[in-house]
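Colleague: What would the 3D arrangement of this be:
(2 chains)
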Amino acid sequence: MNQRLAGEILSLSGEHLLLVLIAIGVAGSLAVPGAIALTRFASLRRWMLGFANVVQTIPSLALFGFLLPLPFIGGIGQHTAIIALCLYALLPILRNTLLGILGVDRAVRESAVAMGMTRNQILWHVEFPLAVPAILAGLRIATVATIGTATIAAAIGAGGLGVFIFRGIATVDNTTILAGAVPAAVMALVADEGLEWIEKRLSRA
Amino acid sequence: MPNADSAVVLEIRNLSCRIGERWILRDINLEVRQGEAVVLLGRSGCGKTTLLKCVNGLIEPAGGEIRFQGKPASEWDPIQLRRRMGYVIQEGGLFPHWTVSANVGLVPELENWEPPVIEERVRLLLDMVGLPASEFGPRYPRQLSGGQKQRVGIARALAADPPLLLLDEPFAALDPITRLELQKQFLSLRSAVGKAALFVTHDVREALMLGTRIVLLKDGAIDVIADPVGFLAARTEEARLFLAGLEEDWRRQNEPTPGR
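Modeller: Okay, the predicted model is just below:
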């Protein structure tokens, strides 16, 4: 019995991690270039941040529910969950990347222009490297939040550690709830510490 | 271009500039020749920094013409133009994530010089500004004092051997002793490399010390152009105000201490 539980924790943790990694991967690869583009199109900035903000205010269970009936992107299963998680992860990454790039010291940017660097050179040699710590901080916030939110994905049949939590609630069994909640919490803590460590190492270099 | 004007590095004709409805610069006429250090003197908001930024295309002028090395600025590719004008600002503007060597080698790097040539050039320049490359080259800007950062800034501006240097209050944020040190070094550097320089300051002492010519700006227009000796004799209201500050200092330093 105990061995079966341990095995299930492991496999559901794997599912959970996969959900999170795919969601963060997709969100990151959309939000980072998106934010870079937004640094150049100031007029779009408000709209994009506004959109990401609005998404953020939708309760996660409701968002999963909204996505269910949609054709192609909706339906029962992991892809719907990944889309929802992705939408949630967009804002922190987008905002941090944007602030990181726009926050580069005015004197540094001005001298980069004045020394005759092109816009692309300034972006890739100055702004982006200086924004990396902020971008990583955004990824960290998004990852930790996504690990938590992903437990709700079980509600639409996407699996993950939420399976334990929902099962535990249904059977009024705290042990089962904890079997989902504790690994999720550990995963979040490890991700937080690990990404912070990388962040620190990179900003020291 | 070997014509009679070949010594003129920068020529500014009837330049004007405005931001919104406000005129920042009006009808500026100025020439900077090879080997000259022209100081733009004036109080805050007189347009001196704006003039500097017009020269390297950071600000688009509203009217008039700027010619650099005989060619109108409008015909220059702005990137190429800027790489031929060394630029030093008050806050240094060094790249915090690059070493001192990399910072100094920036423009040669952008111009695709061979790495060994860049390395040699960086070493030479760091030695010239009194920061031995072996010791300071691998450091990061945050490991430098304010004065050292400005030295690196000057070395960076000189790196690709530009015909013109633009300096925007480069020593204003330094303590008086370091400032004097750097001013002296600037003088000896200039006599060594003999470049044209356009130097912005609000400090009349600095202007008199470093300038071969002083351009006093008032409300965006030229009030006085004179060499330092001529400037001391200038009688416009604004010039008197600047010189009065100087006299005050002078008197304070030379008055006998009361009670003796």
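
Colleague: mind checking the backbone torsions on B:Gly63?
Modeller: Here is the backbone geometry of B:Gly63 (degrees, to the nearest 10): phi -160, psi 170.

Colleague: Could you do the one 10 residues further on as well?
Modeller: Backbone torsions for B:Ala73, taken as degrees, to the nearest 10, come to phi -60, psi -30.

Colleague: ok, now the one 3 residues further on?
Modeller: Here is the backbone geometry of B:Trp76 (degrees, to the nearest 10): phi -80, psi 140.

Colleague: From chain A, how far out is it?
Modeller: According to Cβ to the nearest Cβ, to the nearest Å, B:Trp76 and chain A sit 11 Å apart. Bear in mind the C-beta positions are built from the backbone N, C-alpha and C, glycine included.

Colleague: Could you double-check that that residue lies in contact with B:Phe68?
Modeller: Yes. At 6.4 Å, B:Trp76 counts as touching B:Phe68 under the criterion of Cβ atoms under 8 Å.

Colleague: Please say which of those two ends up with more neighbours.
Modeller: B:Phe68 (23 against 18; other Cβ atoms under 10 Å in any protein chain shown).

Colleague: And for the closest residue to the more buried one other than its chain neighbours, the neighbour number?
Modeller: Of all residues not flanking B:Phe68 in the chain, B:Leu10 sits nearest, at 5.7 Å (Cβ to Cβ, 6 or more residues apart in numbering or on different chains). B:Leu10: 23 surrounding residues under other Cβ under 10 Å.

Colleague: check contacts around B:Leu10.
Modeller: Contacts for B:Leu10 (Cβ atoms under 8 Å, 6 or more residues apart in numbering or on different chains) come out as B:30-32, B:55, B:66-68, B:164, B:196, B:198.

Colleague: what about the residue in the stretch 51-200 of chain B that chain A sits nearest to, which SS state?
Modeller: The nearest approach of the stretch 51-200 of chain B to chain A comes at B:Gly93, 3.0 Å away (Cβ to the nearest Cβ). Of the three states, B:Gly93 takes coil under DSSP: H, G, I helix; E, B strand; the rest coil.

Colleague: Which elements pack onto the strand or helix carrying B:Leu216?
Modeller: According to DSSP states H and E, B:Leu216 maps onto strand B:213-218. Where contact means 3 or more Cβ pairs under 8 Å, 6 or more residues apart in numbering or on different chains; DSSP states H and E, strand B:213-218 is packed against strand B:37-41, strand B:221-226, helix B:228-232, helix B:237-254.

Colleague: Can you check which of the ones you listed gets nearest to A:Ile73?
Modeller: Closest approach to A:Ile73 among those (Cβ to Cβ): strand B:37-41, 60.9 Å.

Colleague: Strands along chain B, start to end?
Modeller: With DSSP state E as the criterion, chain B has strands at B:8-19, B:22-33, B:37-41, B:63-68, B:71-72, B:85-89, B:164-168, B:196-201, B:213-218, B:221-226.

Colleague: Now do the second one and strand B:221-226, the angle between them.
Modeller: Looking back up the chat, that one is strand B:22-33. 20 degrees (axes from the mean of the first three to the mean of the last three Cα atoms, to 10 degrees).

Colleague: report the angle between the axes of strand B:22-33 and strand B:37-41?
Modeller: Between the axis of strand B:22-33 and that of strand B:37-41 there is an angle of 160 degrees, by the same axes, to 10 degrees.

Colleague: and the nearest residue to B:Ala239 once chain neighbours are set aside, what does it touch?
Modeller: Leaving aside its sequence neighbours, B:Ala239 sits nearest to B:Val224 (Cβ to Cβ, 6+ apart; 5.1 Å). Contacts here follow Cβ under 8 Å, 6+ apart; on that basis B:Val224 touches B:214-216, B:231, B:234, B:236, B:238-239.

Colleague: most tightly surrounded among the helices and strands packed on strand B:213-218?
Modeller: Most buried of these by mean neighbour count (mean count of other Cβ atoms under 10 Å in any protein chain shown) is strand B:37-41; its value is a mean of 25.

Colleague: partners of that strand in the sheet?
Modeller: strand B:196-201 (parallel), strand B:213-218 (parallel) (DSSP bridges).

Colleague: Give me the distance from that strand to the chain's centre.
Modeller: Strand B:37-41 sits 8 Å away from the centroid of its parent chain (Cα atoms, centre = their mean, to the nearest Å).

Colleague: Now do the same contact list for B:Ile66.
Modeller: Contact partners of B:Ile66, counting by Cβ under 8 Å, 6+ apart, are B:10-13, B:15, B:54-55, B:72-73.

Colleague: Helix, strand, or coil at A:Trp47?
Modeller: helix.

Colleague: Any idea how many residues pack against it?
Modeller: Neighbour tally, A:Trp47, other Cβ under 10 Å: 11.

Colleague: do the one 5 residues further on as well
Modeller: Here the neighbour count serves as a burial measure; for A:Ala52 (other Cβ under 10 Å) it reads 20.

Colleague: number of nearby residues for the closest residue to it other than its chain neighbours?
Modeller: Leaving aside its chain neighbours, A:Ala52 sits nearest to A:Leu91 (3.8 Å; criterion: Cβ to Cβ, 6+ apart). Here the number of neighbours of A:Leu91 (other Cβ under 10 Å) works out to 24.

Colleague: any idea whether A:Leu91 is helix, strand or coil?
Modeller: Put simply, A:Leu91 is helix when judged by three-state DSSP.
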